[in-house]
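[1] this is a predicted model, with the sequence first.
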Amino acid sequence: MASSNAPPETLTLDRLTTPVGIALLVTDEEGVLRAFNWTDYEPAMLAWIGKHYPKAQRVEGRAPPAVRGPFEAYFGGEARALEAVPWKASGTAFQLLVWETLCGIPAGVTISYAELARRIGRPTAVRAVGLANGANPVAVVVPCHRVIGANGALTGYGGGLPRKRWLLDLEGAMPKGQIAA
């Protein structure tokens with residue numbers, strides 16, 4: 001399926017009950033995931049959608065099976081189920097580079113922000129990498145939760161640290177001592 005570069009005309013908002021809260025999946029008319037977050041952050045997510053897709057009509061509905069199915073499987077315990085979800089995000093070239101690099105971190109593995117900066121070829125851009133990580137609009141699919149502090153501490157997750165811990169536990173990641181050097 002080819003995805004056009006034109007902004008979406010319609011965004012479908014689907015709510016999915018998960019073990020850690022209700023998730024909001026936002027897909028375009030081509031069935032591509034454009035945003036993901038938890039409904040307790042819905043006002044901020046809707047503001048983000050309005051900023052990045054100002055002309056898109058928002059409708060309530062069900063995400064297509066190619067998106068919803070893998071999310072159901074993931075939250076049912078299949079740690080690698082989200083790898084095939086089609087996604088497209090609006091962001092700067094730097095953010096897109098960080099997000100694409102995040103997709104190379106397999107389930108069950110955590111890395112530090114410094115390691116992520118090194119992987120994009122910008123080893124001194126740790127703070128900028130952290131900001132890009134935090135701006136990720138398709139969390140979980142673009143696995144920003146797999147980035148942790150250099151000392152193994154769980155730090156900074158937009159969905160809250162208890163969710164980050166849950167996601168890493170689901171994936172079999174043991175943060176302490178498991179950071180890629």
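    Received, thanks.

[2] for this protein, what spans make up the strands?
    10-18, 21-28, 33-38, 57-60, 110-112, 147-148, 179-180 (DSSP state E).

[3] which one, of those strands, ends up nearest to K88?
    Across those, the minimum distance to K88, taken as C-beta to C-beta, is reached by strand 33-38, at 6.3 Å. Where C-beta positions appear, they are placed from N, C-alpha and C, glycine not excepted.

[4] could I get the average pLDDT for the closest one?
    For strand 33-38, the mean per-residue pLDDT is 96.

[5] neighbouring contacts of that strand?
    With C-beta atoms under 8 Å, 6 or more residues apart in numbering as the test, strand 33-38 has contacts from 8, 11, 20-28, 44-45, 48-49, 53, 63, 67, 85-90, 137-141, 158-160, 163.

[6] what's the angle from that strand to strand 21-28?
    Direction vectors for strand 33-38 and strand 21-28, defined by axes from the mean of the first three to the mean of the last three C-alpha atoms, to 10 degrees, enclose an angle of 170 degrees.

[7] next, the angle from strand 33-38 to strand 10-18.
    Using the same axes, to 10 degrees: strand 33-38 against strand 10-18 is 40 degrees.

[8] so, low pLDDT: which residues of the chain?
    Along the chain, segments meeting pLDDT under 70 span 1-5, 174-181.

[9] contacts only, for the residue nearest the centre of it.
    Closest residue to the average C-alpha location of the chain: A139 at 1.5 Å, with C-alpha atoms, centre = their mean. A139 sits next to F36, N37, H145, G158, G159 when contact means C-beta under 8 Å, 6+ apart.

[10] now with 10 Å, please.
    Residues counted as contacts of A139 (C-beta atoms under 10 Å, 6 or more residues apart in numbering) are 23, 35-38, 41, 102, 133, 145, 157-159, 163-164, 167.

[11] same deal with V147?
    Each residue near V147 by C-beta under 10 Å, 6+ apart is listed here: 98, 102, 105, 110-116, 129-130, 133-134, 136, 154-157, 164, 179.

[12] again, but for L82
    33, 36, 67, 70-71, 73-75, 103, 107, 138, 140-143 are the contacts of L82 under C-beta under 10 Å, 6+ apart.

[13] the contacts of V147 in helices, which ones?
    Counting by DSSP state H, the contacts of V147 place V98, L102, Y113, A114, E115, L116, V129, G130, N133, G134, K164 in helices.
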